[in-house]
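K.L.:
pasting the sequence and the predicted model now:
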Amino acid sequence: MSNDQVYSSLDDVKLVQAARKGDMGAFEELVYRHRDKVYARCYLMLHHEETALDLSQEAWVKAWQKLGQFQGGSSFATWLTRIAINLCLDELRKNKTRQAESIEQLAEETGGVERQMPVVTVSPTEGLERGELRGRIDAALGKLSEEHRTVLVMHEFEEMEYKDIAAAAGISIGTVMSRLFYARKKLAALLADLRAPE
């Protein structure tokens, strides 16, 4: 049996134990198993391919560095995805600060930001050409605000509890519930035409 076959026959817990002892082959198997999920979560939160790729890679570096802290209370995939989500939240916060600064600067330079904003039109058939439900959902998620998309991804995809979302995002549980309510409502409206006829 080759090394690859040995690694692929082990579960995540055994691979983590081996990786902790410095076995890079075991860690590479974990990367192989979970890299798509980690990237998908980063992309859902950020809606920017390059940044999602950078942050998903950064999540793997952090996971390697913090492997000794993995307690096994949750699955390795859940623990890893939380690392990625926290990196994405940091990126969203940084972007918000940069965005606010650039809007203030633009207002100072031009005497008003409204004239500078481009008109964005969204084609109602966008996403349908791909012919995939996943494409439509992805496009709809992209139309949510960062705040709404973030709580929705954490709750619906990661199955995180309100208190964990609140702690990760630095907001109150009430705010989590409110954002989740409006995110679901907006998503339902954006995908209303996908419902089967009664």
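P.N.:
That came in fine, so what should we check first?
K.L.:
outline the domain layout of the chain.
P.N.:
Structural domains assigned to the chain are 1-117, 119-193, following automatic domain parsing.
K.L.:
a markdown table for those, including mean pLDDT and mean neighbour count?
P.N.:
Quick note: C-beta positions are derived from backbone N, CA and C, even for glycine. Formatted as a markdown table, the domains of the chain follow (pLDDT from 0 to 100; neighbours: other Cβ atoms under 10 Å):
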| stretch | mean pLDDT | mean neighbour count |
| --- | --- | --- |
| domain 1-117 | 82 | 15 |
| domain 119-193 | 77 | 15 |
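K.L.:
what helix or strand is the nearest residue to residue 187 once chain neighbours are set aside on?
P.N.:
In space, and not counting its chain neighbours, residue 187 is closest to residue 140: 5.6 Å by Cβ to Cβ, 6 or more residues apart in numbering. Element membership of residue 140, judged by DSSP states H and E, is helix 133-142.
K.L.:
kindly export that helix (C-alpha atoms) in PDB.
P.N.:
In PDB, the C-alpha atoms belonging to helix 133-142 read as follows (Å, rounded to 0.1, in the frame of the first residue of the first chain):
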ATOM      1  CA  LEU A 133     -29.500  26.500  -9.200                       C
ATOM      2  CA  ARG A 134     -26.200  26.900  -7.500                       C
ATOM      3  CA  GLY A 135     -25.300  29.800  -9.800                       C
ATOM      4  CA  ARG A 136     -28.600  31.600  -9.000                       C
ATOM      5  CA  ILE A 137     -28.100  31.200  -5.300                       C
ATOM      6  CA  ASP A 138     -24.500  32.400  -5.500                       C
ATOM      7  CA  ALA A 139     -25.600  35.500  -7.500                       C
ATOM      8  CA  ALA A 140     -28.400  36.200  -5.000                       C
ATOM      9  CA  LEU A 141     -25.900  35.900  -2.100                       C
ATOM     10  CA  GLY A 142     -23.700  38.400  -3.900                       C
END
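K.L.:
any residues touching the helix or strand harbouring residue 63, and which ones?
P.N.:
For residue 63, the host element (DSSP H and E) is helix 49-65. Helix 49-65 is contacted from outside by 19, 27, 31, 35, 38-39, 41-43, 45-46, 79-80, 83-84, 87-88, 91, using Cβ atoms under 8 Å, 6 or more residues apart in numbering.
K.L.:
likewise for stretch 180-187?
P.N.:
The contact list for stretch 180-187, computed with Cβ under 8 Å, 6+ apart, reads 140-141, 143-144, 148-149, 151-152, 155.
K.L.:
who are the packing partners of the helix holding residue 140?
P.N.:
Under the contact definition 3 or more Cβ pairs under 8 Å, 6 or more residues apart in numbering; DSSP states H and E, helix 133-142 sits against helix 146-152, helix 173-190.
K.L.:
could you give the angle of it to helix 173-190?
P.N.:
130 degrees (axes from the mean of the first three to the mean of the last three Cα atoms, to 10 degrees).
K.L.:
let me see the contact set for residue 35.
P.N.:
56, 60.
K.L.:
chain center to the host helix or strand of it: distance?
P.N.:
In the assignment (DSSP H and E), residue 35 maps to helix 24-46. Taking Cα atoms, centre = their mean, to the nearest Å, the mean C-alpha location of helix 24-46 is offset from the chain mean by 12 Å.
K.L.:
I'm done for today, thanks for sticking with me.
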